[in-house]
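Enquirer: How does the following fold in three dimensions:
(2 chains)
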2 protein chains.
Amino acid sequence: MTPRTGSIYPSAYKEMMQGRSSLRLAEAGGLTQYGVNLVRLEPGAISSVRHCHQNEDAFVWVTMGECTLVQDGGAWAMRPGDCAAFPAGAPDGHHLVNHSDSPAAFLVVGTKAPQETAVYSDVDMMVTITAGDKAAAEFMYKDGMPWTGARPAVE
Amino acid sequence: MTPRTGSIYPSAYKEMMQGRSSLRLAEAGGLTQYGVNLVRLEPGAISSVRHCHQNEDAFVWVTMGECTLVQDGGAWAMRPGDCAAFPAGAPDGHHLVNHSDSPAAFLVVGTKAPQETAVYSDVDMMVTITAGDKAAAEFMYKDGMPWTGARPAVE
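Expert: Prediction:
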């Protein structure tokens, strides 16, 4: 099983995803009703641009090393056996960052909603994904205009 | 957060579930689209009577100790970081048994199907569960007759 690397992000954010790789465990086991990925973060890597989901519940469980969970309210260290849940529709964006000097890893469980929108917390971007097909993800600004390049960060 | 113990099984099988407890992590975090439970098995305990699901995908990830996965084809030792997937509708029943002399634990992810039927592999029993309400589970024999007590094990 080969880890997936790279990112579906527009070029402005694609490079930020270096050092992240993931194994699609549930898919490999023939499951279709939800995703379970084992994500590995090299030192300095991030799980995603910080975001929240409109329609999909997300759950993470740290399996190795130390990650920092960042949300609107601050940052929390997470170690193996720590977990966090992000209900669909909750506006508090999240991502995990490896600030340590060793690799870290976590499991992430996610629904496969027929139609999903993720909104990025710190940049003017959102994305719609239909039927879980990330290859056909449509990125746009938060006003719904099609993506043509990064705007300045939200203050 | 208090671990749940006990079982919804009929009296013939309820005692077999001693030594198993679980934490409903996703529910505690406000998630509704799937369940994520952390199940602890004391030495000798089993995760369930061996069964398969008609409509719900299941996924397990061992977090502590050593469990033995039992399926039709045999038994496999599982240690922290090992995982297994059980697609909805696959007829190969499964359960985890702690044959070691130390506690073991695993995460289990499950869909919340509107209507679910689980079929037990080694005894003449099945159960229907509507809208995930295990308190209203209906146990029956495999011929659909209402449960009135354990029949002899299937040879």
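Enquirer: buried set for the least confident helix or strand in chain A by mean pLDDT?
Expert: The helix or strand of chain A with the poorest confidence is helix A:11-14; it has a mean of 90 (mean pLDDT, DSSP states H and E). Within helix A:11-14, the residues that count as buried by 16 or more other CB atoms under 10 Å in any protein chain shown are residue A:13. For every residue, glycine as well, the C-beta is placed using N, CA and C.
Enquirer: now the following helix or strand past it, how far from the centre of its chain.
Expert: On the C-terminal side of helix A:11-14, the closest following helix or strand by DSSP states H and E is strand A:20-24. Relative to its chain's centre, strand A:20-24 lies at 11 Å (CA atoms, centre = their mean, to the nearest Å).
Enquirer: residues in chain A within reach of chain B, list them.
Expert: Residues of chain A lying close to chain B (CB under 8 Å from any CB of the partner chain) are A:25-26, A:28-34, A:36, A:56-57, A:59, A:61, A:63, A:81, A:83-88, A:90, A:107, A:109, A:111.
Enquirer: Buried among the residues you listed? Make that a PyMOL selection.
Expert: In PyMOL, this line selects whichever of the residues of chain A next to chain B come out buried by 16+ other CB under 10 Å:
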select buried, chain A and resi 25+26+29+31+33+34+36+56+57+59+61+63+83+84+85+86+87+88+90+107+109+111
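Enquirer: and the residues of chain A next to chain B, which of them are in strands?
Expert: A:34, A:36, A:59, A:61, A:63, A:83-86, A:107, A:109, A:111 (DSSP state E).
Enquirer: Report the two of these separated the most.
Expert: Spanning the widest gap among those are A:63 and A:111, at 20.7 Å by CB to CB.
Enquirer: residue closest to the middle of chain A?
Expert: By CA atoms, centre = their mean, chain A has its centre lying nearest to residue A:48, at 4.0 Å.
Enquirer: Can you tell me, leaving aside adjacent residues, what's nearest to residue A:105?
Expert: In space, residue A:105 comes closest to residue A:64 once its chain neighbours are excluded; the distance is 4.1 Å by CB to CB, 6 or more residues apart in numbering or on different chains.
Enquirer: for residue A:24, that is, sorry about that
Expert: residue A:37 (5.5 Å).
Enquirer: does residue A:60 really touch residue A:83, like I thought?
Expert: Yes. Counting by CB atoms under 8 Å, residue A:60 touches residue A:83, with 6.3 Å between them.
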